[in-house]
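>>> whatever this is, show me its structure:
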Amino acid sequence: AVAVPEPFLVNGTVNRVCDGCLAKLEGAVEEAQRVYDEIPVRFPRAVLVGIGVAALGACLWAGIAIAFNVMIMWVGLGIGAGIGFAMVRAAGRGALPLQILSPVLAVASLLAGHALFLAHLVRKAAEEEGAAVDWAAFVASLPELYAATAQDTGFAVLCGVVGAFVAAKRAGRKRFRLAVQRSADPRT
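Just a heads-up that it's a prediction; the model follows:
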């Protein structure tokens, strides 16, 4: 009679794995982690892609706010996640510098999008009065405009912060692991 090993949960699946096979699985996970960690991080490329996606995100945020006169939280979250995803893809793998930069870009993207929305409102109001907009003065007065629209600015920043969390989580170093749980019940 051959002794059957006790059941295990291997990555969430019930399995019967001998100790030698389990050691091989653990070795394969360690090797996958080593190979992943040796992938070079293309940081300059990731920064350029992150800035590009942040700029697109600002335009998307402003475009939706202008078109529908509403700010949508899911758009902000998507912008943050998109920045993190794009930076990791461009870099080749996740890394701590990407985790630091991607949230900064996510918040900056939504603040820039909010500034574009405010620019639209200012331009529209100036057109109704038959006046021209001094864009240099507009840029200089952005802090006051952000304060005057504190609730909307706060919402944009909140979406940026939550999106940044998503971005930072996505931009982190991938960790490989094998989840094994021994079962004392031979019926499982």
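>>> tell me which helix or strand comes right after the helix ranked longest in the chain.
For the chain, the helix with the greatest residue count under DSSP state H is helix 96-129. Sequence order places helix 135-140 as the next helix or strand after helix 96-129, per DSSP states H and E.
>>> buried sites along the helix or strand where residue 170 lies?
If you go by DSSP H and E, residue 170 is part of helix 150-171. If you call a residue buried by 16 or more other CB atoms under 10 Å, then helix 150-171 has these buried ones: 153, 155-157, 159-160, 162-168, 170-171. C-beta here means a position set from N, CA and C on the backbone, and glycine is covered the same way.
>>> still on that earlier bit, and the longest helix of the chain, average pLDDT?
Helix 96-129 shows a mean pLDDT of 93.
>>> can you list the buried residues in it?
Judged by neighbour count (16+ other CB under 10 Å), helix 96-129 contains these buried residues: 98-99, 101-119, 122.
>>> which SS class is residue 41?
Of the three states, residue 41 takes coil under DSSP: H, G, I helix; E, B strand; the rest coil.
>>> please disregard the earlier target; I meant residue 60.
Under the three-state scheme (three-state DSSP), residue 60 adopts helix.
>>> what sits against it?
Taking CB atoms under 8 Å, 6 or more residues apart in numbering as the criterion, residue 60 is in contact with 75, 79, 113.
>>> let me know the closest of these to residue 42.
For the contacts of residue 60, the closest approach to residue 42 (CB to CB) belongs to residue 79, at 22.1 Å.
>>> for residue 149, see how far away residue 133 is.
Counting by CB to CB, to the nearest Å, the separation of residue 133 from residue 149 is 17 Å.
>>> next: residue 89.
Relative to residue 149, and taking CB to CB, residue 89 is found at 34 Å.
>>> in terms of neighbours, single out the busier of the two.
For residue 89 versus residue 149, the count of surrounding residues by other CB atoms under 10 Å is larger for residue 149: 16 against 13.
>>> gap between that one and residue 141?
Taking CB to CB, one finds residue 149 at 12 Å from residue 141.
>>> ok, residue 135 next?
Going from residue 135 to residue 141 by CB to CB gives 11 Å.
>>> please identify which of these two sits among more neighbours.
The residue with more neighbours, out of residue 135 and residue 141, is residue 141; 14 against 11, by other CB under 10 Å.
>>> quick one, phi/psi of the more buried one?
phi -90, psi 10 (degrees, to the nearest 10).
>>> got it, and residue 92?
According to degrees, to the nearest 10, residue 92 has phi 100, psi -30.
>>> so how far is residue 40 from it?
According to CB to CB, residue 92 and residue 40 sit 6 Å apart.
>>> these two: who's more crowded?
Using other CB under 10 Å as the criterion, residue 92 and residue 40 rank with residue 92 on top: 15 against 9.
>>> re earlier: what's the longest helix of the chain packed up against?
Applying 3 or more CB pairs under 8 Å, 6 or more residues apart in numbering; DSSP states H and E, we find helix 96-129 packed against helix 43-68, helix 73-91, helix 135-140, helix 142-148, helix 150-171.
>>> that'll do, ta.
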